[in-house]
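**Q** sequence-free structure coming up:
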Ligand code: NAD
Ligand code: LMR
């Protein structure tokens, strides 16, 4: 009987993996703030990521609908929706990666710092629950101001005794996505081949795109072009906030960027070598305690 059970569970496992015989590990991803402007398209993108076997969608409201909708997509990840504080623990239990886009977005005229008072409390509550229910998860912090929400999360985890600096990431991938798009457009290069590291932080002049290290290099750009590209990358968030005219900030491009970063985390966990992404983390690169830079082995891989 146990042999039958064993082969049945193997069949189920394989069918969820699209009949692949490769040993892709089971990975659970939780999205906190999953019914929001970023959360919904991010839920869609994580549902179609073949590395995800279980997708947990948590919000204070609206997740049953999002989960029912996304769950009909014929990809392997099993989707569950969770709503309200009493379901947060179950949503988090066993998570390998937790993505946090929970919190209020900017309106025109606001800086990211204006979101601090509300979002600091939201992030503190969610990180307290992460420390309790999935202390080993990689945490991808999207909620703004990232320059502050990441240190807040670090303090919460320290207090709980679960802090591992290699597992807490401020998601700055949208700055990289923008820098690549703007650089490729200006230099006339194929955008899919372009890479631009972005270091520093995730607010205004703390966003430092390193066009001098962009690949492929371009010799068609003037110093003025570089200054303009730098400014556009730094102001990319504000460009979207103003264009949305009171209806929030970047959601679709952020969901894409969040999905790229979460995919890098999953690949790292699965032992894929040479995963490289920029992210805002505890750092010794400068005298600042947190700084965005290129991360590779040690962050995305255990080696
Ligand atoms: P949104 O208002 O559309 O969605 C936020 C969601 O968070 C809502 O569904 C809300 O119900 C939920 N929420 C609020 N409190 C919660 C809690 N305690 N637990 C779980 N969910 C909770 O906002 P959005 O456009 O999705 O933006 C979310 C955040 O992401 C904002 O802070 C925004 O500034 C930030 N953001 C960051 C980047 C980046 O590059 N890191 C890019 C864009 C936006
Ligand atoms: C962005 O860069 O788009 C986000 O940080 C949202 C914002 O407020 O600009």
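**A** Received, thanks. The structure displayed is predicted, hence computed values, not measured ones. Residues are numbered from 1 along each chain as shown. Ligands and ions are numbered 1, 2, ... in the order given.
**Q** In the chain, which residue is most central in space?
**A** Nearest residue to the geometric centre of the chain (Cα atoms, centre = their mean): residue 258, 3.5 Å.
**Q** Can you tell me the element it falls in?
**A** Using DSSP states H and E, residue 258 sits in helix 252-269.
**Q** Show me how far that helix is from its chain's centre.
**A** Relative to the centre of its chain, helix 252-269 is centred 5 Å away, using Cα atoms, centre = their mean, to the nearest Å.
**Q** Also stretch 240-253?
**A** 18 Å.
**Q** Let me see the mean pLDDT of that stretch.
**A** Mean per-residue pLDDT for stretch 240-253: 97.
**Q** Just the endpoints, please. Distance across it?
**A** 10 Å (Cα to Cα, to the nearest Å).
**Q** that older thread, may I have the residues that are in contact with the residue nearest to the centre of the chain?
**A** 38, 42, 45, 99, 101, 140, 142, 171, 173 (Cβ atoms under 8 Å, 6 or more residues apart in numbering). Quick note: C-beta positions are derived from backbone N, CA and C, even for glycine.
**Q** Can I get those in CSV including neighbour count and pLDDT?
**A** Formatted as CSV, the contacts of residue 258 follow (neighbours: other Cβ atoms under 10 Å; pLDDT from 0 to 100):
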residue, neighbour count, pLDDT
38, 29, 98
42, 29, 99
45, 18, 98
99, 31, 99
101, 27, 98
140, 24, 98
142, 30, 98
171, 28, 98
173, 27, 98
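**Q** Whichever residue of the stretch 1-150 of the chain sits closest to ligand 2: how many residues sit nearby?
**A** Residue nearest to ligand 2 within the stretch 1-150 of the chain: residue 106 (3.8 Å; Cβ to the nearest ligand atom). Neighbour count for residue 106, taken as other Cβ atoms under 10 Å: 23.
**Q** Then residue 44?
**A** 15.
**Q** Which pLDDT value goes with it?
**A** 98.
**Q** Quick check: closest non-adjacent residue to it.
**A** In space, and not counting its chain neighbours, residue 44 is closest to residue 70: 5.9 Å by Cβ to Cβ, 6 or more residues apart in numbering.
**Q** quick revisit: not counting sequence-adjacent ones, nearest residue to the residue nearest to the centre of the chain?
**A** Spatial nearest neighbour of residue 258, excluding adjacent residues (Cβ to Cβ, 6+ apart): residue 42 at 5.0 Å.
**Q** Perfect, that will be all.
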